[in-house]
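Fold the stuff below for me.
(one chain, ligands or ions: 1)
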Amino acid sequence: MPEIKFYNRKPVPVEMHKVKIVQKLHLLPAEERLQKMKEAGYNSFQLHNIDIFMDMLTDSGVNAMSDLQQAAFLRADDAYAGSESFYRMQRKLQELFGIDYCLPAHQGRACENVLALRFVDRPGKVVIMNYHFTTAKAHITRLGGRVEELVIDAGLETESDLPFKGNIDLEKLEACIKEETPENVAYLRLETGTNLIGGQPISYENMKAATEICKKYGIITVMDASLLQDNLYFIKTREESMKDKSIEEITRMCADLFDIVYFSGRKFGFARGGAILVRDEDMFHSMEDMIPMFEGFLTYGGMSVKEIEAMTVGFDETMDMDVISQGPQFIKYVVDELHEYGIPVITPGGGLGAHIDARQMLPHVPQEEYPAGALTCAMYLCGGIRPMERGTLSEERNPDGSERIASMELIRLALPRRVFTLSQCEYVIDRVKWVWDHRDLIGGLRFVHEPKTLRFFTGRLEPTSDWPRKLVDAFKADFGEDQ
Ligand SMILES: *Cc1c(COP(=O)(O)O)cnc(C)c1O
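Residues are numbered from 1 along each chain as shown. Now for the predicted structure:
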């Protein structure tokens, strides 16, 4: 089904599904939100969901399931070993990706752990990426490995009309392999839909060229397919040479380029789980023993078999343009509205969510005071909206203890797939505009408890001045005590 056309009004994205189950939301007044934010140590990960109106933290494990996915729960075959649910999933993955071997894992980062343990087999090994993902990088650096990010320069610009800002720079790729020497490169990891730089897609052409370079040097190629559903939509709609191909064909063509495909089933498949697909039998066996050790037996990998069944149905639904277009179309709607208002938002809209450039929005807050973290707090204080910080706070410090300044300082307003309505999106747009108009009131943050690894998950912070109080007072002056 193509996008629905309108006769007499501005076109809006129309849902190709209807709501069958709902969850009640709560909107606490601003004064209470200020208290909750304080209790959460100014870290949106530490908020309780019940205190949040619009949870836009992530698309991980929070996408709406279809009736058919929930119906599939009932088929689940509970067995420690040899569950039919696993074999059904494996057959579906073989059909879609054409890869025979499947290692189940409980979520995306568990796959990353196994891959890093297998291939980053001595300190100093390098993993080349278009762009890193927090957990992918943490597993590699923990083992003494290094990450080289070679996304094209335009990928790090806020505004652009380039269709594939997630592409890897092919010249830099080849130069990097030569400089590091192929023996020292653990693998190439291409993220199909870059999470940290605005859900920006990578083109089929670019994946093909990059994997060809790696094959020439005998380097293993890995696709992180966690955000593949959005990327498939963008390849179909933005890549001229692919527009007549079916989603099934595009999926297969992309998969054919790689030795290994892994994914988070919390995104790809609209459920909760993960898996590593391995083309070569020997390579598969070389990783096999890690699954029972870290995840669970080889036919469930730490997942509930119910979720395995739901994911399997979700893979099929991913092949349906009506399903995979909903996210990108809603994101485009939000991004275009914010852009029109002059708010520095990543353009063009990608997958995953709308991303605001906090460095441009809060130029008066130095990156050492985490402008994206502060903006995240401001969105909660001024609307009960929970975004995710994707900037310097999400980085880890350099070995000498200095801050590693992120190349992009973003907040992500994730749009979990099929979850929010357009009126809720309108509310978010309105509150972002209010915050933009009052951005001068927002100050910085500093750590009071700073964990060494993945500090953004569990760290506690405090404001560098009493700006949260002033911001809430200004908000109440405009909206009253009860909003
Ligand atoms: C979310 C994500 C992961 C990690 O998946 P989890 O299931 O959350 O552990 C890995 N890679 C990408 C690109 C992701 O978006």
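
tell me the contacts of the residue of the stretch 201-350 of the chain found nearest the ligand?
At 3.1 Å from the ligand, S264 is the closest residue in the stretch 201-350 of the chain, using C-beta to the nearest ligand atom. C-betas here are computed from N, CA, C, even on glycine. Counting by C-beta atoms under 8 Å, 6 or more residues apart in numbering, S264 touches S60, Q107, G108, R109, C111, S226, G274.

And R279, how close does it get to E191?
Distance of R279 to E191, given as C-beta to C-beta, to the nearest Å: 19 Å.

So for those two, which residue has more residues nearby?
E191 (28 against 18; other C-beta atoms under 10 Å).

which residue does this protein bring closest to the ligand?
Distances between the chain and the ligand by C-beta to the nearest ligand atom are smallest at G108, namely 2.3 Å.

Convert the C-alpha atoms of stretch 373-393 to PDB, please.
C-alpha atoms of stretch 373-393 as PDB (Å, rounded to 0.1, in the frame of the first residue of the first chain):
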ATOM      1  CA  GLY A 373      21.800  15.100  29.100                       C
ATOM      2  CA  ALA A 374      20.500  18.500  30.300                       C
ATOM      3  CA  LEU A 375      18.100  18.700  27.400                       C
ATOM      4  CA  THR A 376      16.800  15.200  28.100                       C
ATOM      5  CA  CYS A 377      16.000  16.400  31.700                       C
ATOM      6  CA  ALA A 378      14.400  19.500  30.300                       C
ATOM      7  CA  MET A 379      12.000  17.500  28.100                       C
ATOM      8  CA  TYR A 380      10.900  15.500  31.100                       C
ATOM      9  CA  LEU A 381      10.400  18.500  33.300                       C
ATOM     10  CA  CYS A 382       8.500  20.300  30.500                       C
ATOM     11  CA  GLY A 383       6.200  17.600  29.300                       C
ATOM     12  CA  GLY A 384       6.700  14.200  31.000                       C
ATOM     13  CA  ILE A 385       8.600  13.100  27.900                       C
ATOM     14  CA  ARG A 386      11.600  10.800  28.300                       C
ATOM     15  CA  PRO A 387      14.100  11.000  25.500                       C
ATOM     16  CA  MET A 388      17.600   9.400  25.600                       C
ATOM     17  CA  GLU A 389      20.900  11.200  25.800                       C
ATOM     18  CA  ARG A 390      23.100  10.300  22.800                       C
ATOM     19  CA  GLY A 391      26.200  12.400  23.300                       C
ATOM     20  CA  THR A 392      29.200  12.900  25.600                       C
ATOM     21  CA  LEU A 393      27.400  11.400  28.600                       C
END
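
Measure how far it is from the centre of its chain, please.
Centroid displacement of stretch 373-393 relative to its chain, using C-alpha atoms, centre = their mean, to the nearest Å, is 16 Å.

Check stretch 473-483 too.
33 Å.

ok, and what's touching that stretch?
Contacts to stretch 473-483, defined as C-beta under 8 Å, 6+ apart, come from residues L27, P29, A30, E31, L381, C382, W434, H438, L441.

Contact residues of the stretch 51-200 of the chain facing the ligand?
Taking C-beta under 6 Å from any ligand atom as the contact definition, the stretch 51-200 of the chain meets the ligand at S60, Q107, G108, R109, F133, T135, A136, E191, N195.

State the pair within those residues that is farthest apart.
With distances taken as C-beta to C-beta, the most widely separated pair in those is Q107 and E191, at 15.8 Å.

Check which residues of stretch 156-164 are buried.
Neighbour-count burial for stretch 156-164, with 16 or more other C-beta atoms under 10 Å as criterion, is recorded at L156, T158, P163, F164.

cool, stretch 126-142 as well?
Across stretch 126-142, burial judged by 16+ other C-beta under 10 Å covers 126-141.

likewise stretch 270-280?
Using 16+ other C-beta under 10 Å as the test for burial, stretch 270-280 gives F270, A271, R272, G273, G274, A275, I276, L277, V278, R279.

Let me see the contact set for the fourth one.
Right, the one you point to is G273. Counted by C-beta under 8 Å, 6+ apart, G273 has contacts P104, A105, H106, Q107, G265, R266, G301, M303, E307, I308, M311.

CSV for the residues of the stretch 51-200 of the chain next to the ligand, including pLDDT?
Shown next, in CSV, are these (pLDDT from 0 to 100):
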residue, pLDDT
S60, 94
Q107, 97
G108, 97
R109, 97
F133, 94
T135, 93
A136, 96
E191, 98
N195, 93
